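*Asks:* with the input below, show me the fold.
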Amino acid sequence: MTFQKNDFIEIEFTGRIKDGGIFDSNIKKDLEKLNPNENPKPLIFCLGEGMFIKGVDSFLIGKEIGSYTIELIPEAAFGPRVSELVQMIPSKIFREQNLNVYPGAVFNFDGRIAKVLSVSGGRVMIDFNHPLAGKTVIYEINILRKIDDLNEKVKAFIDFLFRREMKFTIQDKKVTIEVEKNLSKFVEMFKDKFKDVLGLDLEIKEIENQPKEAQ
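*Replies:* Numbering: from 1, shown residues only. Next up is the predicted model:
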């Protein structure tokens, strides 16, 4: 039985730069090469919904359970390098924010991640390209199973959208998610996505904001 768009699957994977090293994995022996203290986590995602790198996502539609090696050119992976995304920024911007700027430093500019290439006089050269832009990459994928359980699908979708666990219940084609008051309007913005991907109406149950832990 082949996989179709909107099917949820669980995979093990390792991503490598062609003729280079590993840059991502959820397999213990490979993940340890990136970070010995990191614990691998299962990856469940919905095909055709942009939840995984587009070249792999497209490749897996029409495939079956099994192992695959996928080579992706930059356009199907992290995109080509764009010279316009390398920019000069006055160093005073960093000084005003009390930021220590040096080659190799990484900063977040309103959600855009940038790497410092050089510091010269009053100018800082910043690269807004993805670190793997322009690279041909190879993914080794092992499809473990198709996900049929609706609770597993919802849990995986919530984790992808909000990068956190949220309590939820499913009843009569409706999913009710417990959401802190300060996040409720943000979560509500994804009503259409829950309907399109899971066929479920979304209802928000507001809860009190959790107190911050003492430092």
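*Asks:* can we go C-alpha only for contacts and neighbour counts from here?
*Replies:* OK.
*Asks:* just the CA trace of the strand or helix carrying residue 88, in PDB.
*Replies:* Here residue 88, judged by DSSP states H and E, is contained in strand 86-90. What follows is strand 86-90, C-alpha atoms only, in PDB (Å, rounded to 0.1, in the frame of the first residue of the first chain):
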ATOM      1  CA  VAL A  86      24.700  38.800   2.500                       C
ATOM      2  CA  GLN A  87      24.400  42.300   3.900                       C
ATOM      3  CA  MET A  88      26.500  45.000   5.700                       C
ATOM      4  CA  ILE A  89      25.100  46.200   9.000                       C
ATOM      5  CA  PRO A  90      26.600  49.100  11.100                       C
END
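*Asks:* ok, and what's touching that strand?
*Replies:* 122-129 (Cα atoms under 8 Å, 6 or more residues apart in numbering).
*Asks:* buried sites along the helix or strand just after that strand?
*Replies:* Using DSSP H and E, the helix or strand that directly follows strand 86-90 along the chain is helix 91-96. Within helix 91-96, the residues that count as buried by 16 or more other Cα atoms under 10 Å are residue 91.
*Asks:* go on, stretch 193-213?
*Replies:* 193-194, 197-198, 200-204.
*Asks:* show me which pair in these is furthest apart.
*Replies:* 197 and 204 (17.6 Å; Cα to Cα).
*Asks:* what's the domain layout of this structure?
*Replies:* 1-80+132-147, 83-127, 149-215 (automatic domain parsing).
*Asks:* got those domains as TSV, with mean pLDDT columns?
*Replies:* Below are the domains of the chain laid out as TSV (pLDDT from 0 to 100):
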stretch	mean pLDDT
domain 1-80+132-147	95
domain 83-127	89
domain 149-215	91
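*Asks:* deepest in the core, which of those is it.
*Replies:* Across these, averaging neighbours per residue (mean count of other Cα atoms under 10 Å) puts domain 1-80+132-147 on top, at a mean of 16.
*Asks:* what sits up against the helix or strand containing residue 115?
*Replies:* Following DSSP H and E, one finds residue 115 within strand 112-120. For strand 112-120, contacts defined as Cα under 8 Å, 6+ apart pick out 101-108, 124-130.
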